[in-house]
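Novice: Below is the sequence, then the predicted model.
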Amino acid sequence: MPTQTYDAIVIGAGTGGYPAAIRLAQLGKKVALIEKDATLGGVCLNWGCIPSKALIAAANLVDEMRGAADRGIIAEPPRVDVAKLREFKDGVVKKLTGGVALLEKGNGVEVVRGTATVVAPNAVEVAGKDGQKTRLEAGAILVATGARPIEIPGFAFDGKDVWSAREAVDLPEVPKRLVCIGGGIIGMELGTVYAKLGAQVTFVEALPQVLTGVDPDAVRLVQKGLRQRGVAVHVNAKAKGYERRGKELVVKIEIEGKEQEIPCDKILVAVGFKPSSAGFGLEQVGVKIGPKGFIEVDQQYRTSVPTIFAAGDVTGPPLLAHKASKEGEIAAEVIAGHKTVRDWVGMPTAIFTDPEVAAVGLSEEEARKQGYDPIVGKFAFGALGRAIAIHHTEGFVKVVGDRKTKLLLGASICGPEAGDLIAEAALALEMGAYLEDVALTIHAHPTLPEALNEACRAALGEAIHMLNRPERPKKGEAAAGARA
């Protein structure tokens, strides 16, 4: 078996692995990047974040056209050419995955095609599609193998009747009726896409609410938007199985002990992801893997084996592409001899439903649990000039600060472009900003980010474009936002 030697080996070219390989190369290391799929980029670029956002953008355009009559734009009901939309989505993916390949090549990273098995703390065997094996050796190994969709009993993925998120993003067709099992981020995003493209969508969620862990005010607005589009949502509902009856499928669910049946044409199962940690030989070389399958790592993403590191979804939630990238870069710097550690104030999340939802830092409840006396400022998009002008007034910006010091602790946004707007709040948190810092920052007018400025001013009792209703001060305290 031929043997090749490197400074570092990265297993997996997804959003955790490919940036890590580039960073290692930037730091002067000879790097091998192992990938079993035909294209680089992993789930995010090929079947997740990127293609789904291309579909979301197209679905939003269709939705906008349907509702443009009140602005004097009269159009025939838009017709969706599924093949053309799929071609557009595939083109977006091809451009970005090709770009990643060029970046790896340009940085001197050697991409090795095949399936990896860790056979020693410093060695990996790669089996190519032709069956031939190559041994790679290095001073450090970084595992960034990601995660894969969870199957549930009675709903095995077959790519025909039962889709995973991967099949849904492939857009084989727009079914007349779609049952989406799972009301988490991925299920809600994809279900909303298909609803806007013309499918009759029904959500089945086992928990008491969809988008568990998300600001309840935001969830209510998302559900309102779904109802307006004729989407049904069943919570506290257990999916039991399905059967084919003639030309249709029938999904059986149970709510409070009573069985119901939902006829449909396709079923999307989006109940989460499980880590891809098995089958790589990790436990055989001493890497500790937790009970849920996640690889255990320290603050520098080093595993229980000193020469083996892990980053991204395979190390645990939240399963976010930008989190994976940051973790991969930290691990790369540690491998290169830097003293980098995990040290971020907030990890932003963005959910591309309608309206969009995003958050970073602490919620009011989380702040209270951590010992803060929180102060909250909230500003509605319905009072914002830019939001009214673009006809997207649903939602709000909410900020949380420390009552005593006025330090900004967190923000949540529900409304137009929330996924983009959260970046300012994330930057403010990372820089240790106070509510006043954002309040005193001049924001261009008319723009959506003005809502964050107004929310911070509202927390201080100084909002301009809403009536300030300061909390009644506690005995012996000044009113919130009062100046010395």
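Specialist: That came through, no problem.
Novice: quick one: which helix or strand includes the nearest residue to V92 once chain neighbours are set aside?
Specialist: Leaving aside its sequence neighbours, V92 sits nearest to A54 (Cβ to Cβ, 6 or more residues apart in numbering; 4.5 Å). Quick note: C-beta positions are derived from backbone N, CA and C, even for glycine. Using DSSP states H and E, A54 sits in helix 49-66.
Novice: Identify the residues contacting that helix?
Specialist: Applying Cβ atoms under 8 Å, 6 or more residues apart in numbering, the contact partners of helix 49-66 are 15, 41, 44, 73, 75, 77-78, 80, 85, 88-90, 92-93, 96, 165, 169, 171, 186, 189-190, 192-193, 196-197, 321, 352, 354.
Novice: Provide a PyMOL selection command restricted to the buried entries of those residues.
Specialist: To isolate the buried members of the contacts of helix 49-66 in PyMOL, using 16 or more other Cβ atoms under 10 Å:
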select buried, resi 15+41+44+85+89+92+93+96+165+169+171+186+189+190+192+193+196+197+321+352+354
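Novice: Sort out for me which of the contacts of helix 49-66 are in helices.
Specialist: 44, 85, 88-90, 92-93, 96, 165, 169, 186, 189-190, 192-193, 196, 321 (DSSP state H).
Novice: Which strand residues bridge A237?
Specialist: A237 has the following beta-bridge partners by DSSP bridges: I255.
Novice: Hmm, it is touching L207, no?
Specialist: No: counting by Cβ atoms under 8 Å, L207 is not a contact partner of A237; they are 9.3 Å apart.
Novice: Tell me where the stretch 101-250 of the chain has strands.
Specialist: 110-113, 115-120, 123-127, 133-143, 147-149, 162-163, 177-181, 200-204, 232-234, 237-245, 248-255 (DSSP state E, counting those that start in this stretch).
Novice: highest average neighbour count across the ones you listed?
Specialist: Burial of those is given as mean neighbour count (mean count of other Cβ atoms under 10 Å); strand 177-181 ranks first at a mean of 25.
Novice: tell me what that strand is packed against?
Specialist: Using 3 or more Cβ pairs under 8 Å, 6 or more residues apart in numbering; DSSP states H and E as the contact criterion, the elements in contact with strand 177-181 are helix 185-196, strand 200-204, strand 248-255, strand 258-264, strand 266-269.
Novice: thought A144 was touching I330?
Specialist: No: judged on Cβ under 8 Å, A144 makes no contact with I330 at a distance of 12.0 Å.
Novice: Next, show the common contact partners of these two.
Specialist: A311.
Novice: The two: who's more crowded?
Specialist: A144 (33 against 23; other Cβ atoms under 10 Å).
Novice: Pull the distance from the helix holding A54 to the chain's centre.
Specialist: Put simply, helix 49-66 sits 17 Å off its chain's centre (Cα atoms, centre = their mean, to the nearest Å).
Novice: buried ones in it?
Specialist: 49-56, 58-59, 62-64.
Novice: cool, stretch 337-346 as well?
Specialist: Neighbour count says stretch 337-346 has 340, 345-346 buried, by 16+ other Cβ under 10 Å.
Novice: start to end distance for that stretch?
Specialist: Stretch 337-346 has an end-to-end distance of 26 Å (Cα to Cα, to the nearest Å).
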